[in-house]
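Enquirer: Dropping the sequence and predicted coords here.
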There are 2 protein chains.
Amino acid sequence: MFKDRNEKKTDIASLGEFGLIDHLTKEIVHRQPTTVKGVGDDTAVIDAGEKYLLVTKDLLLEGIHFDLTYYPLQHLGYKAISVNLSDICAMNGTPHQVVVGIALSSRFPLEAVEELYRGMYAACEKYNVDLVGGDTTSSVQGLVLSVTALGMVDKDKVVYRSGASENDLLCVSGDLGGAYAGLLVLEREKAVFKANPEMQPDLEGHDYILERQLKPDARLDIVRLLADIGVKPTSMIDISDGLASEIKHLCKHSDTGCAVYEEKIPIDQATYDTARSFKMDPTTYTMNGGEDYELLFTIRPDDFEKVKNLAEVTVIGHMSEKNEGIRLITRSGPVVPIEAQGWDHLKRKSD
Amino acid sequence: MFKDRNEKKTDIASLGEFGLIDHLTKEIVHRQPTTVKGVGDDTAVIDAGEKYLLVTKDLLLEGIHFDLTYYPLQHLGYKAISVNLSDICAMNGTPHQVVVGIALSSRFPLEAVEELYRGMYAACEKYNVDLVGGDTTSSVQGLVLSVTALGMVDKDKVVYRSGASENDLLCVSGDLGGAYAGLLVLEREKAVFKANPEMQPDLEGHDYILERQLKPDARLDIVRLLADIGVKPTSMIDISDGLASEIKHLCKHSDTGCAVYEEKIPIDQATYDTARSFKMDPTTYTMNGGEDYELLFTIRPDDFEKVKNLAEVTVIGHMSEKNEGIRLITRSGPVVPIEAQGWDHLKRKSD
């Protein structure tokens, strides 16, 4: 009411999430000598004296990031914690504390909030992390979760997105595409349920992919495993937006290209079968399905012997000169450029 | 859709914000040796080696915490930062970094987000703080801001809510009630504007109280001033929910009572005049108006000489035995118990 707002208006969606962040932070100034790394990696890095402190935060909004029609609140609480811890892991760090902000409308009874907290406490217990504070308030509509995770890493152990070199091997933990497969099954059953509320949802046989979607884990075990076998990744990121998007981040920050072999990309049989049942290419799930929260990292070529027999780590390609581009060597032979069609939350609304 | 939700339902508003937090965190377990202080003070306190790390977060939601009808986005950005830094100050610490999460609907153009960031950067510059990361996403409706602030404090300098003793002097920085007076003027002009959009808002002469509401500052200057004159408060809290509510927090955590002298409570003439023009008791503004973000603290009696001539610090009472209660000695003589009718965001909706 107090000023004329008929000024220039640029649609945010035209920039995309990463474009918007780049635009807003391009002129950022660091004044504190303790700020080691600001915007632009999985976490901020702060010099805490003996070690580096890692800080990350995520906002999760009902209707954007989760659908309470099928999302059990306990799983949601668990996931809100674990996806933030995943960012700490992606810096090769160990999570120690979380701070939680919750806003909720009057439609949520105390029992619902208790269920949410049960999930958060379960994640805290699993990862040996303390919930140390937060903020609880009301919302006009829906549930908003804001989690900040804190972790520590030895100064000589921190891993950025920017450390990969030509010929480094590109590795991924676990398998990919499962969370997206689970989401599609849930969305399908929701549609069936909406059409006929008497129908029971048919989720049988989908346990694995449903858990991948509803209750993902942070791969702290991989961080510890790599430390145990004496491998320090040269670069690392967690896969929240899909493999293609994360590979592009590593290449951009490390100033390299990359070659990925389609046949090497790990996919669970359940994910593969789901893709086929939806008449989709399973590789689309692994490349562009979001929310797997696996770790994508590079290692020096001479560390290959140490990782080659690990059940939970797969070498899927190697870094190359930047001008060779970011390429997928397909199963059938042709080489195609990798395009990220990842999980851009700023664009999802207009889908 | 996947489970029967017809279970027991307890209305959250029946617990209130503090009751809800107490309920959800009463069985909290700390597993990390670095967790010094969890839920229950202005910030969490984490052992970072040489110093203590302070961490706090706030969620700010459109329609609950701010009204964009009259809230300039630049001021909102400034305030979102400064109110979090205020919590760091309340632990006697120095803020160093902030992490910002923003969710916004498609009605916000890029230019609006830029304005918001301009305000945040202005606050960062003023307090010599770095914006080091965050999360940007879309919302179904409205603007959500989530700010996490990080600060440091020497281990022997940290001040909790719990350190006050009988006979300690109760002090407050600045003056109180101004932010609430500013809010009432803005709400009045909004009502006038809604009734007749041709009317220009009449804000003249209200600069001081409007700034108190729209662009509050964190009292880092007071933290530094007290350090300079060699006074370490015995307990401290920032005034976000009104003096009455904060006094009760200090007394509860310190296990004391308190006597406050109405005539000593600092109030600006503009605040006083506004209260009178609304035909309200100015003391209601100072006791129960929220968002002043001044510091409320106690000092040892023998530090009185050091603070008595400070323009920005006022001694308003003293701590007493717990069983003497929390009392206001009114200007006219009678002693009344202090009741907090503060800023409970969980209850505001049903106002």
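Expert: Thanks, I have it. Numbers count the residues shown, from 1 in each chain, chains lettered A, B, ... in the order given.
Enquirer: Pretty sure A:H206 sits against A:V185.
Expert: Yes. Using Cβ atoms under 8 Å, A:H206 makes contact with A:V185 at a distance of 5.2 Å. C-betas here are computed from N, CA, C, even on glycine.
Enquirer: Name the residues contacting each of the two.
Expert: Counting by Cβ atoms under 8 Å, 6 or more residues apart in numbering or on different chains, the common neighbours of A:H206 and A:V185 are A:T274.
Enquirer: Of the two, which one has the most company?
Expert: A:V185 (23 against 19; other Cβ atoms under 10 Å in any protein chain shown).
Enquirer: list the contacts for the more buried one?
Expert: By Cβ under 8 Å, 6+ apart, the contact list for A:V185 reads A:L203, A:H206, A:I209, A:L210, A:T274.
Enquirer: hmm, which of those residues are the buried ones?
Expert: Taking 16 or more other Cβ atoms under 10 Å in any protein chain shown as the criterion, what is buried in these is A:H206, A:I209, A:L210, A:T274.
Enquirer: Among those, which pair sits farthest apart?
Expert: Farthest-apart pair in these is A:L210 and A:T274; separation 10.3 Å (Cβ to Cβ).
Enquirer: Ramachandran angles for A:V113?
Expert: phi -70, psi -40 (degrees, to the nearest 10).
Enquirer: check contacts around it.
Expert: Contacts of A:V113 by Cβ under 8 Å, 6+ apart are A:I102, A:L104, B:I12, B:L20, B:L24.
Enquirer: how about the strands of the stretch 201-350 of chain A, start to end?
Expert: A:235-238, A:257-261, A:295-299, A:313-320, A:326-329, A:335-337 (DSSP state E, counting those that start in this stretch).
Enquirer: Output those in JSON lines, with mean pLDDT appended to each entry.
Expert: Listed next are the strands of the stretch 201-350 of chain A as JSON lines, based on pLDDT from 0 to 100:
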{"stretch": "strand A:235-238", "mean pLDDT": "98"}
{"stretch": "strand A:257-261", "mean pLDDT": "98"}
{"stretch": "strand A:295-299", "mean pLDDT": "98"}
{"stretch": "strand A:313-320", "mean pLDDT": "98"}
{"stretch": "strand A:326-329", "mean pLDDT": "96"}
{"stretch": "strand A:335-337", "mean pLDDT": "93"}
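Enquirer: JSON lines please, covering those strands and showing mean neighbour count.
Expert: Below are those laid out as JSON lines (neighbours: other Cβ atoms under 10 Å in any protein chain shown):
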{"stretch": "strand A:235-238", "mean neighbour count": "26"}
{"stretch": "strand A:257-261", "mean neighbour count": "20"}
{"stretch": "strand A:295-299", "mean neighbour count": "27"}
{"stretch": "strand A:313-320", "mean neighbour count": "22"}
{"stretch": "strand A:326-329", "mean neighbour count": "20"}
{"stretch": "strand A:335-337", "mean neighbour count": "9"}
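Enquirer: hmm, back to that, near chain B too, which of the contacts of A:V185?
Expert: The subset of the contacts of A:V185 within reach of chain B, by Cβ under 8 Å from any Cβ of the partner chain, is A:L203.
Enquirer: Distance to B:L61 added to the strands of the stretch 201-350 of chain A, as a markdown table?
Expert: Below are the strands of the stretch 201-350 of chain A laid out as a markdown table (distance: least, Cβ to Cβ, whole Å):
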| stretch | distance to B:L61 |
| --- | --- |
| strand A:235-238 | 28 |
| strand A:257-261 | 41 |
| strand A:295-299 | 33 |
| strand A:313-320 | 42 |
| strand A:326-329 | 39 |
| strand A:335-337 | 42 |
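Enquirer: between those, which gets nearest to B:A44?
Expert: strand A:235-238 (24.3 Å).
Enquirer: count of neighbours near A:S86?
Expert: 27.
Enquirer: helices and strands around the helix or strand hosting A:D22, which ones?
Expert: According to DSSP states H and E, A:D22 maps onto helix A:16-25. Here helix A:16-25 touches helix A:345-348, helix B:110-127, strand B:130-138, going by 3 or more Cβ pairs under 8 Å, 6 or more residues apart in numbering or on different chains; DSSP states H and E.
Enquirer: so of those, which one's packed in deepest?
Expert: Each of the helices and strands packed on helix A:16-25 was given a mean neighbour count from mean count of other Cβ atoms under 10 Å in any protein chain shown, and the largest, a mean of 24, is that of strand B:130-138.
Enquirer: Skip ahead from that strand and say which helix or strand is next.
Expert: strand B:144-154.
Enquirer: Pairing partners for that following strand, with directions?
Expert: Each strand that pairs with strand B:144-154, with its direction, by DSSP bridges: strand B:51-61 (antiparallel), strand B:94-104 (antiparallel).
Enquirer: if you compare the ones you listed, which one is most tucked away?
Expert: Among the strands paired with strand B:144-154, strand B:94-104 has the highest mean neighbour count (mean count of other Cβ under 10 Å), at a mean of 26.
Enquirer: and the direction of it versus that of helix B:110-127, what angle?
Expert: 170 degrees (axes from the mean of the first three to the mean of the last three Cα atoms, to 10 degrees).
Enquirer: mind checking how far strand B:94-104 is from the chain centre?
Expert: For strand B:94-104, the separation from the chain centroid amounts to 17 Å (computed by Cα atoms, centre = their mean, to the nearest Å).
Enquirer: now do stretch A:103-117
Expert: Using Cα atoms, centre = their mean, the offset of stretch A:103-117 from its chain centre is 25 Å.
Enquirer: start to end distance for that stretch?
Expert: Across its full length, stretch A:103-117 reaches 13 Å between end residues, using Cα to Cα, to the nearest Å.
Enquirer: any idea of the mean pLDDT in it?
Expert: The pLDDT scores in stretch A:103-117 average 93.
Enquirer: next one: stretch A:209-228
Expert: 97.
Enquirer: Near chain B, which residues of the stretch 151-300 of chain A? Just list them.
Expert: So the stretch 151-300 of chain A meets chain B at A:M152, A:E189, A:K190, A:F193, A:P197, A:P201, A:L203 (Cβ under 8 Å from any Cβ).
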